[in-house]
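Asks: after the sequence you'll find the predicted model.
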Amino acid sequence: MTTAKEAFNPEPELEVEVPTKEFNFQDYVITQEPKQVTLMLPQTKETFNISYKELSWSRRNQILSRSITWDDTGGTAFDGDAYVRACLKEMIVEAPWGRTTEAFLLSIDGRLGSALEELVPKAFVETGMEETQAIKKE
């Protein structure tokens with residue numbers, strides 16, 4: 001049974017020391033070398049190889065900003081289609097169809113489009129309040 005004194009004065013929690021490694025910004029720099037990936041169309045089980053380059057944080061934000069429009073009342077609208085197409089045109093370096101152009105992207109069906117869309121970084125990433133608070137404390 002817990003006494004009133006114990007309830008209001010709990011034992012202090014022991015702090016666990018977490019080993020930290022020295023910060024190395026190079027761990028966060030994207031490479032300029034294209035990555036090779038094999039994509040599969042789930043409906044047909046066909047596979048194909050492409051080379052793509054990652055978008056930098058800044059470049060992703062630039063494309064995202066161009067995909068948002070503002071109306072006269074301050075409301076916003078996000079054009080997800082424009083965002084995905086702009087990312088794919090910039091990211092895909094080599095593919096079986098040659099250069100990834102606007103005309104190409106407007107001509108493909110949902111099977112190929114969905115497979116390519118997997119390469120595109122998420123436009124909006126949710127961060128919890130706990131994560132934000134942890135960053136502020138450090």
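Replies: That came in fine, so what should we check first? Numbers count the residues shown, from 1 in each chain.

Asks: and the pLDDT at Glu131?
Replies: pLDDT recorded at Glu131 is 48.

Asks: next one: Glu15
Replies: pLDDT, Glu15: 72.

Asks: assign it to helix, strand or coil.
Replies: coil (DSSP: H, G, I helix; E, B strand; the rest coil).

Asks: pLDDT on stretch 111-122, on average?
Replies: Here the average pLDDT along stretch 111-122 is 95.

Asks: buried residues, that stretch. List them.
Replies: Leu112, Ala115, Leu116, Leu119, Val120 (16 or more other Cβ atoms under 10 Å). (C-beta placed from N, C-alpha, C; glycine too.)

Asks: ok, and what's touching the longest helix along the chain?
Replies: Longest helix in the chain by number of residues (criterion: DSSP state H): helix 80-91. For helix 80-91, the external contacting residues (Cβ atoms under 8 Å, 6 or more residues apart in numbering) are 52-55, 59-60, 63-64, 66-67, 100-102, 105, 116-117, 119-121, 123.

Asks: ok, now how distant is Ile108 from Trp97?
Replies: Going from Ile108 to Trp97 by Cβ to Cβ, to the nearest Å gives 9 Å.

Asks: hmm, I was thinking of Gln62
Replies: For Gln62 relative to Trp97 (Cβ to Cβ), the value is 25 Å.

Asks: which residues in the protein form strands?
Replies: 35-41, 46-52, 68-70, 76-78, 92-94 (DSSP state E).

Asks: partner strands of the second one, parallel or antiparallel?
Replies: In other words, strand 46-52. strand 35-41 (antiparallel), strand 92-94 (antiparallel) (DSSP bridges).

Asks: these two touch, right, Arg60 and Phe124?
Replies: No. The pair Arg60 and Phe124 does not pass the contact test of Cβ atoms under 8 Å, sitting 11.0 Å apart.

Asks: no more questions from me, cheers.
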